[in-house]
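A.B. asks: Fold the following and give me the result.
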Amino acid sequence: MEVAEDVDCESKGQQQKRTRRVGLLYDERMCKHSTPDGDPHPENPNRIKAIWNKLQSAAIPQRCVVLEAKEAEDKHILSVHTKKHVDLIRNISSKQFNSRRNRIASKFNSIYLNEGSSEAAYLAAGSAIEVAERVAKGELDSAVAIIRPPGHHAEQDEAMGFCLYNNVAIAASVLLNEKPELGINKILIVDWDVHHGNGTQKMFWKDPRVLFFSVHRHEFGSFYPANDDGFYTMIGEGAGAGYNINVPWENGGCGDADYFAVWDHILVPVAKEFNPDLIIVSAGFDAAAGDPLGGCRVTPYGYAVLLKKLMSFANGKIVLALEGGYNLKSIANSTLSCVKVLLDDNSIHGSSEAYPFESTWRVIKAVRRKLSAFWPSLADELPELLTNQTAPPASYILTSSSDSEAEDNEGPNVISKHLEEVLQDVIEPFSKLKVDGSIQDHVASNSCIWRSELSKVEIWYAAFGSNLCLKRFLCYIEGGQMEGMKRPYLGCADKTPPKEIMWKTFPHRLFFGRESTLTWGPGGAAFLNPESNIQDKTYMCLYRITLEQFNDVIVQENVASFPMNSPLFDLAGLDSVTSEEPHSLQKCWYGNIIYLGKENDIPILTMTCAKSQIEGFKSGEIPLRAPAKNYVNTIAMGLVEGKQLSQEAAMAYLQKASVNPWG
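C.D. replies: Residues are numbered from 1 along each chain as shown. Next up is the predicted model:
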């Protein structure tokens, strides 16, 4: 899809153009914040170095006003953070914290700290203030702050998601509350980082002076920060109602066309009504193609178009503050593309895929309906001719659902240990992935060997959750979705139904945990305690399928799809697990294979969480949650249709599993 004609039409009739004054801020002192033991980590000093080197090689600094970084004052940071939090970040790098620093960091979600963290955090926040003030005063037309650590996850009293201070929120608060003479009364904050800006949202939740807009992977609360804060129903409160807009992607793989549609049909019309005095972009580039944590496909061209559309507002007064982005090439190229737009280079060259995903239109419609009472421009229904033009269904890419790649809260070091091996498929160029088919579409020719081999081996797959319902399990085998499910499944390469079905009970504890699931929405997912206990009893439905099909079920169960050139669970894995040796797959929620014995000399296998995750559930680090209504009804349906329990007894059984099993 070519760039919309209005992207650069404003410049076409101008014979003379004033050179835009663009500020550029970079300070190597922010590189002092790094992992304490030098372990590899995606949020590392090379991120901003790569950007700066790219801009230098393109001779960009010579065309800009290069600014010096300044540390923020405590009084400015205190406008959005608590004194306790400010005191901690200010002092964390001092010698008196040397012996306690790692222990303190471990108490936060996805945070590391070292002796350079305080200085870097103060410089990042101060730099955001500096560029925002310069633009607000009119000394600069726009500016880019190449800063770290990032900020949009940091909440009032808590560091999280690699973020120590909320840089963008601090800068916006200073302009609105401490610099009234600058005339900045309304600020539009656009957060295009692939993760929801939970911290920024909360800081302006009731403030109508700030229109906070965030587009992000959400997947019904299963993607980091793994809660409901980023859902489209979260619109602000009190005077701020309607001034908080979330566009939550249901799946990964979203690219330029998806983002363009959101800009054209939500952000741009609302921005016209809001008429901001200044725009601050929480410019995370982890939605870029190739990012190891984001799993989306926005190109440098795509970012350029998004930014160009924003330049129509606030007289082009735009500040970009770096947030996430963990592929060095992607963030460098994306930033360069954006700076060129701010410098008003004549045109934007490139093209993109033709249409958004069907799920993108569904989300856009939901957001427009929810916000139409506040923004009249969103009240009209979008024409079917437009929304019927969709790309094929998204494939589910095996990526991290958190900034830390540690859904079980094992801490930042999990990335250093697993990043290369676990995310290798994601780091491969996304052009190699097809987004328009079933698992068969991802099967390379060299995968035929393992599929042929494993198709001859049978196992019993023992289900204990919603797969107790045959209709639901067939969604994994044949593809499709049943009532109550929020998305369809692609099905197995071999769509042959199970050869046999039987029921058994096993001495394991059933329980429900996590905040939400992609398939069923908010509410816990069913898990089985890997440890057996003669006092426990769980009903399980056994499906006789092939080991090839079991691999495809594993992929879909963990909301992941990738070029299956080799199986996740092969004959060696089967030999290992049937010898009662522990067997865990790549890092995913149902990545632990449990052997439950044999039936008719065929091994019985099930999938649940690892023992380390059980400890997380017991300690409260991973929440226990009652299941969603549709989810529990589907499980009950399976128990009743399988003639194991009456409806009343099934609901009582599930209610028991829904209460704290560790109390």
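A.B. asks: going forward, measure contacts and count neighbours with C-alpha atoms only.
C.D. replies: Fine.
A.B. asks: Flag every buried residue along the helix or strand hosting Ala572.
C.D. replies: Element membership of Ala572 [criterion: DSSP states H and E] is helix 571-578. Residues of helix 571-578 classed as buried: Gly573, Leu574, Val577, Thr578 (neighbour count, 16 or more other CA atoms under 10 Å).
A.B. asks: for stretch 79-97, same thing?
C.D. replies: Applying 16+ other CA under 10 Å to stretch 79-97 flags Ser79, Val80, His81, His85, Val86, Ile89, Ile92, Ser93, Phe97 as buried.
A.B. asks: Against Arg148, how distant is the fourth one?
C.D. replies: Distance of His85 to Arg148, given as CA to CA, to the nearest Å: 18 Å.
A.B. asks: The fifth one too?
C.D. replies: Plainly put, Val86 is 17 Å away from Arg148 if you go by CA to CA.
A.B. asks: Ok, the first one next?
C.D. replies: From Ser79 across to Arg148, the span is 20 Å (CA to CA).
A.B. asks: tell me, how many neighbours does the closest residue to Ile614 other than its chain neighbours end up with?
C.D. replies: Closest residue to Ile614 apart from its sequence neighbours, by CA to CA, 6 or more residues apart in numbering: Asn529 at 7.1 Å. Asn529 sits with 18 neighbouring residues when counted by other CA atoms under 10 Å.
A.B. asks: mind pulling up the phi and psi values for Asn529?
C.D. replies: phi -60, psi 120 (degrees, to the nearest 10).
A.B. asks: Identify each buried residue in the top helix by length along the chain, please.
C.D. replies: Selection of the longest helix in the chain by residue count, based on DSSP state H, yields helix 117-137. Of the residues in helix 117-137, 117-136 count as buried by neighbour count, 16+ other CA under 10 Å.
A.B. asks: what packs against that helix?
C.D. replies: strand 22-26, helix 83-91, strand 142-146, helix 167-173, strand 318-322 (3 or more CA pairs under 8 Å, 6 or more residues apart in numbering; DSSP states H and E).
A.B. asks: Can you lay out these as a markdown table showing mean pLDDT and distance to Ala366?
C.D. replies: Output for these, formatted as a markdown table (pLDDT from 0 to 100; distance: least, CA to CA, whole Å):
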| stretch | mean pLDDT | distance to Ala366 |
| --- | --- | --- |
| strand 22-26 | 98 | 37 |
| helix 83-91 | 97 | 37 |
| strand 142-146 | 98 | 33 |
| helix 167-173 | 98 | 27 |
| strand 318-322 | 98 | 28 |
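A.B. asks: Just want the angle from the longest helix of the chain to helix 83-91.
C.D. replies: 110 degrees (axes from the mean of the first three to the mean of the last three CA atoms, to 10 degrees).
A.B. asks: Report the contact partners of Phe285.
C.D. replies: Trp192, Asp193, Val194, Glu323, Gly324, Gly325, Tyr326, Ser330, Ile331, Ser334 (CA atoms under 8 Å, 6 or more residues apart in numbering).
A.B. asks: please redo it, this time with the cut-off set to 7 Å
C.D. replies: If you count contacts by CA atoms under 7 Å, 6 or more residues apart in numbering, Phe285 has them with Asp193, Gly324, Gly325, Ile331.
A.B. asks: Same check on Tyr243?
C.D. replies: Counting by CA under 7 Å, 6+ apart, Tyr243 makes contact with Pro208, Val210, Leu211, Phe212, Ile235, Gly236.
A.B. asks: Repeat that for Lys206.
C.D. replies: Gly236, Glu237, Gly238, Ala239, Gly240, Ala241.
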